[in-house]
Structure formats: structure tokens, C-alpha cells
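Novice: what's the 3D shape of this:
(one chain, ligands or ions: 1)
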Amino acid sequence: MAKLIAWTEEMSVGVAILDEDHKRIMKMINKLHAAMQEGKGRDIMADIIHDLFVYINLHFETEEEMFERTGYEGTSEQKAQHSAMKVKSLELKQSYIASPESIAPIEILLFLKDWWLGHIMHTDKKYAPFLNAHGIR
Ligand SMILES: [Fe+2]
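Specialist: All right, here's what the predicted structure looks like:
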């Protein structure tokens, strides 16, 4: 089965630890997508939502620590985006716990895909040269 996304070097933000994090998000997308194609999306929803929630918080913490350490000018804008995504992921998790049937696998897939395309491929790309210039690789 074709993968939804495959890693290429042009996805790199130039910081190894963040690239590793981003690859994990990509794997979540592909795993959910593959399960959905087999009609088994619901079987792994609990795992995906749990991973997503834990992960989003850890990843943003790592990024924010780097922004603060280097005095990145886009810090407040990035933090605002992170907060919005943390709120959204918490809402998804709470809704799922309250009523698993209320969340469709496609909602999680779209959330992850938006994260990938909007946050990683767009916003994160902006900080890469700055962090690199401050010795973070
Ligand atoms: Fe990121």
C-alpha cells in the first residue's frame, strides 16, 4: 500500500532532534492512513490519540526551549500556534474519552495532516536558518 507521505530531505528543518520528532508525526499519519484504508482506523484511534497528545506537548516544549535559548524573534507567534494546537489536541482526547464514537478517524487524520503541512512544512521551516545560525543543528 502506498504511503501517504515519505520523508525527503527538503522536509528537514535542519535540526536533527526536531527532524526526528517530525518523522514520528509522519509515521503516525501513515499508520492511521493505512489502518483507515483497511477499515481498521477505529482500532488504533485510542493509541494514536494518546501518542498525539503526549507527543505534541513534548515536541512543542523542545521547540520553545530552543526559541528561548536563541532569542528567536518569532517565539511569541510560534507559542500562540502551539497553544492553539495543544488546546485542540486536548479537546480531541477529551471528546474521545467521553465518547469514542463521537470522533471519526478522518478528523484525527486531518488534524495531523494540517499539522504536517501547516506547522512543519511552513512555520517550522522559518525558524530553521535562525536556529542553525545560533549553533543548533
Ligand atoms: Fe515542529
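Novice: need the next SSE after the lengthiest helix in the chain, C-terminal direction.
Specialist: Taking DSSP state H as the assignment, the helix of the chain that covers the most residues is helix 45-70. On the C-terminal side of helix 45-70, the closest following helix or strand by DSSP states H and E is helix 75-98.
Novice: Show me what that following helix is packed against.
Specialist: Using 3 or more Cβ pairs under 8 Å, 6 or more residues apart in numbering; DSSP states H and E as the contact test, the elements touching helix 75-98 are helix 45-70, helix 105-114. The way it works is simple: take the backbone N, C-alpha and C, and place the C-beta from them, glycine included.
Novice: now with 6 Å?
Specialist: In this structure, helix 75-98 makes packing contacts with helix 45-70, judged by 3 or more Cβ pairs under 6 Å, 6 or more residues apart in numbering; DSSP states H and E.
Novice: related to what we said a few turns ago, give me the angle between the longest helix of the chain and helix 105-114.
Specialist: With axes from the mean of the first three to the mean of the last three Cα atoms, to 10 degrees as the criterion, the two stretches helix 45-70 and helix 105-114 enclose an angle of 20 degrees.
Novice: Quick check: buried residues in stretch 81-97?
Specialist: If you call a residue buried by 16 or more other Cβ atoms under 10 Å, then stretch 81-97 has these buried ones: 82, 85, 89, 92, 93, 96.
Novice: Quick one: distance of that stretch to the chain centre.
Specialist: Using Cα atoms, centre = their mean, to the nearest Å, we find the averaged C-alpha position of stretch 81-97 to lie 12 Å away from the chain's own average C-alpha position.
Novice: same check, this time on stretch 104-115
Specialist: On Cα atoms, centre = their mean, the centre of stretch 104-115 falls 10 Å from the chain's centre.
Novice: and that stretch, what's its mean pLDDT?
Specialist: Per-residue confidence for stretch 104-115 averages out to 92 on the pLDDT scale.
Novice: Please point out which parts of it sit buried.
Specialist: The neighbour-count check on stretch 104-115 (16+ other Cβ under 10 Å) flags 105, 108, 109, 111, 112, 113, 115 as buried.
Novice: what's the closest of these to residue 18?
Specialist: residue 115 (13.6 Å; Cβ to Cβ).
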